[in-house]
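Engineer: Show me how the following folds:
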Amino acid sequence: MNKSKILAVVMTAALVSSVAAISANAAGITKVEDIKDHKVGITGSFCGWGNGGEADIAMTDDDGDGKYTGSFTVTTTEDMVAEATGDDGTGQQVGRGITGVTFKVRLDGSWDDSWGEFEPSYERTYNSQTNCCAECAVGDTITVNVTFDTTKNSDEAVKNGSVEADDDVMFEFLTVT
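Structural biologist: Got it, this is the predicted structure:
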């Protein structure tokens, strides 16, 4: 059977329950609006989780609307594809029953400020221990398009109640076989 393209769209990620969830740390992020002063990038199993941010895929917000975008294309190897894990609420990593390329969004190539998939136990994506996962198999060629929407947790969004779970980090991917 000749399969030329399989389109899979996955919407995932997360909620920072409030701007207060972003606290001062080594990177200096004290509120969502400060993100624009930093380098936003994607790192993950596709690049060995980056070495000091040098391998991170840059994300940009060209129109200044607070939505950063970036993408990467890889042909997956055994080193890139693994079972995705998540924090079970007690600090333990447990299998999530899916396999693929895992990744996160982070600032300045550092783990001080990062966003992963939504963790219901903690109601967070900010510094989440659960990675986003683009499901695929070894040998697949995938393109992953990532959007990091900082407007979901701006002061105004929190104030007017428009913050929604599971939509800060979104991605879609195309698998070509």
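
Engineer: name the element residue 110 belongs to?
Structural biologist: Counting by DSSP states H and E, no helix or strand carries residue 110.

Engineer: Wait, it touches residue 56, no?
Structural biologist: No. Counting by CB atoms under 8 Å, residue 110 sits too far from residue 56 to count as a contact (10.0 Å). Every C-beta, even on glycine, is put in place using the N, C-alpha and C of the backbone.

Engineer: Compare the two and say which is more crowded by neighbours.
Structural biologist: residue 56 (27 against 18; other CB atoms under 10 Å).

Engineer: Roughly how far does that one sit from residue 104?
Structural biologist: Residue 56 is 10 Å from residue 104, where distance means CB to CB, to the nearest Å.

Engineer: what is in contact with those two at once?
Structural biologist: 42, 43 (CB atoms under 8 Å, 6 or more residues apart in numbering).

Engineer: Next one: the nearest residue in space to residue 57 that is not next to it in sequence, what pLDDT does it get?
Structural biologist: Computed as CB to CB, 6 or more residues apart in numbering, the closest residue to residue 57 that is not its neighbour in sequence is residue 42, at 4.2 Å. With respect to pLDDT, residue 42 scores 95.

Engineer: For the host helix or strand of residue 42, buried residues please.
Structural biologist: Secondary structure assignment for residue 42, by DSSP H and E: strand 40-44. By neighbour count with 16 or more other CB atoms under 10 Å, strand 40-44 contains the buried residues 40, 41, 42, 43, 44.

Engineer: do stretch 44-60 as well
Structural biologist: Counting neighbours by 16+ other CB under 10 Å, one finds that the buried residues in stretch 44-60 are 44, 45, 46, 47, 49, 50, 55, 56, 57, 59.
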